[in-house]
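K.L.:
below are the sequence and a predicted model; questions follow.
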Amino acid sequence: MEQTLIILKPDAVKRAVVGEILTRFERAGLKIVAFKMLKPDSKQFHEHYEGISKMISRRGQPAFDSTLAMMQEGPVILAVLEGVKAVSLVRKMVGDTEPEKAAPGTVRGDYAHMGFEHANKEGIGVPNVIHASGDAKEAQAEIKHWFNEQEIFDYEAVHEYYTQAKARK
């Protein structure tokens, strides 16, 4: 089974939509194997967004700085989700990084709408409610950054029989 990381950003926490978003992933057959709420410091976010994701080289220093500021506006909720092709499934469910382009029915399409142009004009990060790992390699590095082995659980969920083609006993 594949694992991926999601971070429910401060805007999701403050708007009280965390439960609704997590429910979507569980209903799709993904299993939550790790979960915690934190208020990370800039060093932790710097390692996540630049050390792992290389955001400065991809989007530039101003985008990195505004994202870092936005991510420190309140607590975040981190979760490791597990399932068949979890990374690509979560990315599909989350929608485009730019909420303005995210399709209705996706997390960002339903809970956010601001585009990069408006955010840049205002000098703020785009409140797009969630971070999702970009690929399997990134997911592994992000999970290792935020969780230790003792915080990730292995258990059998009832729905695995139906969503992961586990052998019928």
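P.N.:
Received the coordinates, thanks. Residues are numbered from 1 along each chain as shown.

K.L.:
count of neighbours near the spatially closest residue to P99 that is not a sequence neighbour?
P.N.:
Of all residues beyond its chain neighbours, the one nearest P99 is A112 (3.5 Å), with distances taken as Cβ to Cβ, 6 or more residues apart in numbering. Where C-beta positions appear, they are placed from N, C-alpha and C, glycine not excepted. Residues within reach of A112, counting by other Cβ atoms under 10 Å, total 24.

K.L.:
number the chain from 5, please
P.N.:
Got it, first residue is 5 now, which makes that one A116.

K.L.:
distance of A116 from A140?
P.N.:
From A116 over to A140 the distance is 25 Å, taken as Cβ to Cβ, to the nearest Å.

K.L.:
what's the burial count for the nearest residue to D45 once chain neighbours are set aside?
P.N.:
Closest residue in space to D45, ignoring its immediate chain neighbours: Q76 at 7.7 Å, by Cβ to Cβ, 6+ apart. By the criterion of other Cβ under 10 Å, Q76 has 17 neighbours.

K.L.:
residues contacting Q76?
P.N.:
By Cβ atoms under 8 Å, 6 or more residues apart in numbering, the residues touching Q76 are P14, K43, P44, D45, S46, F49.

K.L.:
among those residues, which one sits closest to R28?
P.N.:
Distance to R28 across the contacts of Q76 (Cβ to Cβ) is lowest for P14, with 19.3 Å.

K.L.:
that closest one: neighbour count?
P.N.:
Using other Cβ under 10 Å, P14 has 20 other residues around it.
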